[in-house]
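Trainee: Build me a structure from this.
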Amino acid sequence: MPRLEGKVSLLTGAGTGIGRATARLFAKEGAKVVIAELDAEAGEQTAHAIIQAGGEAIAIRTDVTEPDSMQAAVDTAVRHYGGLHVLHNNAGGSTARDSDVTDAPLEEFWRVIKLDLFGTFLGCRFGIPAIIQSGGGSVINMASNVALMGIPGRDCYTAAKGGVAAITRSMAVEFAPKVRVNAIAPSATMTDRVRKLVAGNTALDKLANAHLLGLIEPEDIAFMALFLASDESSKVTGHVYPVDSGVIIS
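Mentor: Next up is the predicted model:
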């Protein structure tokens, strides 16, 4: 039996990269997939790929930093598929403008706080009540290894992802036993965006060389998300799981 049979999942930022890989894996494992993506064309491409492979999916243009937009995505998921069981707050990301606290542009700090942290907050604000009404389920947030170790030159991103890790723990306590809340903490994952970022940043080049098991691909993160979405993790909540090829210990 597929591991997500009968579950409705909503994934933000699933038009590309980790989100797309996770959406496709969820669908392969039987989930009905709702792709909440700012880039409408990318979201539709992910949905089309899932449908072509025999799965069920819809795409909704969504700005996770806007409350009305995030609420509409959750409402559409519930209306279209009859409920919501899995929320994957995946949308986010750093840019080459990030730097240390003394040099980083203030607008970059607020950009990443709004997208990565506030976007996760809004996803949970509207998604958790829908999950509870559907009988319970799982929230999967996206932290980062920068929330778990010191990495120079990324203080904006670190602040946002540290906040995601902290709020993951508090929500796990607040909403148990109906909703499990966990987070994934990837190291540099070889999406198209990250490949470009690593190529232009010497600190990240050093980080890439520290991967003990080789560089991480989007599918590696997707398999962790699948475990946290499935009933296999029914007694798992409040944790931040590194998928980092050993970077944190190296």
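Trainee: List the buried residues for the helix or strand hosting Gly163?
Mentor: Under the criterion of DSSP states H and E, Gly163 resides in helix 155-175. For helix 155-175, a neighbour-count test (16 or more other C-beta atoms under 10 Å) marks 155-165, 167-169, 171-172, 175 as buried. (Each C-beta comes from the backbone N, C-alpha and C, glycine too.)
Trainee: Quick one: list the elements packing against that helix.
Mentor: The helices and strands touching helix 155-175, judged by 3 or more C-beta pairs under 8 Å, 6 or more residues apart in numbering; DSSP states H and E, are helix 106-112, helix 119-133, strand 137-142, strand 179-186, strand 240-243.
Trainee: outside of the longest one, which residues touch it?
Mentor: Helix 119-133 is contacted from outside by 10, 12, 64-67, 70-71, 73-74, 77-78, 83-87, 89, 91-92, 137-139, 141-142, 164, 167, 171, 175, 178-179, 181, using C-beta atoms under 8 Å, 6 or more residues apart in numbering.
Trainee: Find out how far that helix is from the centre of the chain, if you would.
Mentor: Relative to its chain's centre, helix 119-133 lies at 14 Å (C-alpha atoms, centre = their mean, to the nearest Å).
Trainee: Tell me the buried residues in that helix?
Mentor: Within helix 119-133, the residues that count as buried by 16+ other C-beta under 10 Å are 119-124, 126-128, 130-131.
Trainee: Dump those residues to a markdown table, plus pLDDT.
Mentor: Listed next are the buried residues of helix 119-133 as a markdown table, based on pLDDT from 0 to 100:
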| residue | pLDDT |
| --- | --- |
| Gly119 | 98 |
| Thr120 | 98 |
| Phe121 | 98 |
| Leu122 | 98 |
| Gly123 | 98 |
| Cys124 | 98 |
| Phe126 | 98 |
| Gly127 | 98 |
| Ile128 | 98 |
| Ala130 | 98 |
| Ile131 | 98 |
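Trainee: Out of these, which is nearest to Thr22?
Mentor: Closest approach to Thr22 among the buried residues of helix 119-133 (C-beta to C-beta): Gly123, at 14.4 Å.
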